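[1] I'd like to go over a predicted model; first the sequence, then the structure.
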Amino acid sequence: MLRADRDRICAELRSTNEKQGEMRLERIIDGVSHFCCLGIICKLYIPEQRNYDVRYETVRYDTFSSTLPPELAAKFGDRFGFMDFNMPAWRYAGHNVSLSYDLTQLNDNAGLTFSQIADMLEYFFEVED
């Protein structure tokens, strides 16, 4: 990932007023969008590919609702749609974080806020200039 992309994503995660959700890139609950951190990335980079799926009250980017679409996965060097990064085991924000914890895990299972996820990206994610 390029440093400029990481910095753009971190700035958006810290400044967004979007509701944080889990399990889907973006889900509509009672008329309000709730985003996973990966959904914030999609909204930032490919807003023109946002498609509402009325049946599931879910938003798809391209045709994907729970992982990064291939074009973003490729852009960030991730072949599975999740943004894996390696880090030593440590304790962060009251949560045990272990080796190869990905952003989806931090958002959905560890319950970190968008701002805390941005902190993790800045500290652990390898970037190129």
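    Everything's here; your move. Numbers count the residues shown, from 1 in each chain.
[2] for the residue in the chain sticking out farthest from the centre, give me its contacts.
    In terms of distance from the mean C-alpha position of the chain, residue 55 ranks first, at 23.5 Å (Cα atoms, centre = their mean). Applying Cβ atoms under 8 Å, 6 or more residues apart in numbering to residue 55 gives no contacts. Where C-beta positions appear, they are placed from N, C-alpha and C, glycine not excepted.
[3] ok, now which ones touch residue 29?
    Residue 29 neighbours (Cβ under 8 Å, 6+ apart): 21, 57.
[4] same question for the one 4 residues further on.
    With contacts defined as Cβ under 8 Å, 6+ apart, the neighbours of residue 33 are 18-19, 26-27, 59.
[5] rerun that using 6 Å as the cut-off
    With contact taken as Cβ atoms under 6 Å, 6 or more residues apart in numbering, residue 33 is in contact with residue 26.
[6] now do the buried residues in the biggest helix by length in the chain.
    Among the elements of the chain assigned as helix by DSSP state H, the one spanning the most residues is helix 3-15. In terms of neighbour count (16 or more other Cβ atoms under 10 Å), helix 3-15 has its buried residues at 5-6, 9-10, 12-13.
[7] please identify which of those residues is nearest to residue 112.
    Among the buried residues of helix 3-15, residue 13 lies closest to residue 112 (Cβ to Cβ), at 10.2 Å.
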